[in-house]
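K.L.:
Here is a sequence together with a model predicted from it:
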Amino acid sequence: IVWANVIGFTLFFLTMGYFLGGRLADRRPDPALFYTLVTIAGASSIFFLLLTSVLLRTAANAMADVNVGAILSSLVGVIFALAIPITLLGCVSPFAIRLGVRDVAEAGRTSGRIYAISTWGSLLGTYLPVLLVIPLAGSRLAALIFGGIQLLAGLIGLWLTNRQRAGLAAGLSLLLIPVAIFWAGGNIKSYPGQLFETESAYNYIQVVESDGCNYLLLNEGQAYHSFYCEDGRVPRISVWS
């Protein structure tokens, strides 16, 4: 159900973006506006990445305390945080087609070329993070890298079409840098008694000390892989212990 919700909301926000982007492109087919949308989408993806990490940490703590209100409010906040960057990304494709079509006779060729480029980007976005970027840099830095690439692409386009707006956007984007650096350099998670953490290709791994024993946790801390107690006792972790 978790993945169904993630995919469902992503498709819903993309649908909204396709609809709004098409209407906006017909009303104002301006390249500067197009690159403004790309820039805002990149900046918002970085900003809301930082925001959702805080909200999800709050939700995880609330689950541990069985605080239903905090869980629901945090998850609703995450949904709305995802809405803005994904909807803006949905606006890009119809807007690009509108700008690319200068002759109705070439509409099919232009839209096909843009969708081909979009699909190639989706393929790279599917395999590159999993096979290369996340194993080398971790999930947080990978997300910042791809958000930064999108932001940079928008700023370059703005510089070519509207330098005054590009300067303003670049200045505002600089405000994200210290926050992103601070966030990327900290712990992935803050857990009581945490001794070690790392990311692998398959799992998030933690070593936690509790009640004189060290525990190896997998699957976001939900699975106890193994334990070590200096006095040789076997701790009662759950009903299965």
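P.N.:
Sure, I can see it. All figures in this text were calculated on a predicted structure; none of them were measured in a lab.
K.L.:
Please count neighbours and contacts with C-alpha atoms only from this point.
P.N.:
OK.
K.L.:
and the gap between residue 123 and residue 116?
P.N.:
11 Å (C-alpha to C-alpha, to the nearest Å).
K.L.:
try residue 128
P.N.:
Shown here: residue 128 relative to residue 116, a distance of 18 Å by C-alpha to C-alpha.
K.L.:
Now do the strands in the protein.
P.N.:
Counting by DSSP state E, residue ranges of the strands within the chain are 194-199, 204-210, 213-218, 223-229.
K.L.:
Next, format the ones you listed as TSV and append distance to residue 46.
P.N.:
Shown next, in TSV, are the strands of the chain (distance: least, C-alpha to C-alpha, whole Å):
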stretch	distance to residue 46
strand 194-199	20
strand 204-210	22
strand 213-218	27
strand 223-229	30
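K.L.:
Need those in a markdown table (columns: mean neighbour count).
P.N.:
Conversion of those to a markdown table gives the following (neighbours: other C-alpha atoms under 10 Å):
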| stretch | mean neighbour count |
| --- | --- |
| strand 194-199 | 14 |
| strand 204-210 | 18 |
| strand 213-218 | 18 |
| strand 223-229 | 13 |
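K.L.:
Of those, which is nearest residue 149?
P.N.:
Nearest of the strands of the chain to residue 149, taken as C-alpha to C-alpha: strand 194-199 at 22.9 Å.
K.L.:
Direction included, what does that closest one pair up with?
P.N.:
Using DSSP bridges, the strands paired with strand 194-199 are strand 204-210 (antiparallel).
K.L.:
Please find the angle between the direction vectors of the strand it pairs with and strand 213-218.
P.N.:
Regarding strand 204-210 and strand 213-218, their directions subtend 160 degrees when assessed with axes from the mean of the first three to the mean of the last three C-alpha atoms, to 10 degrees.
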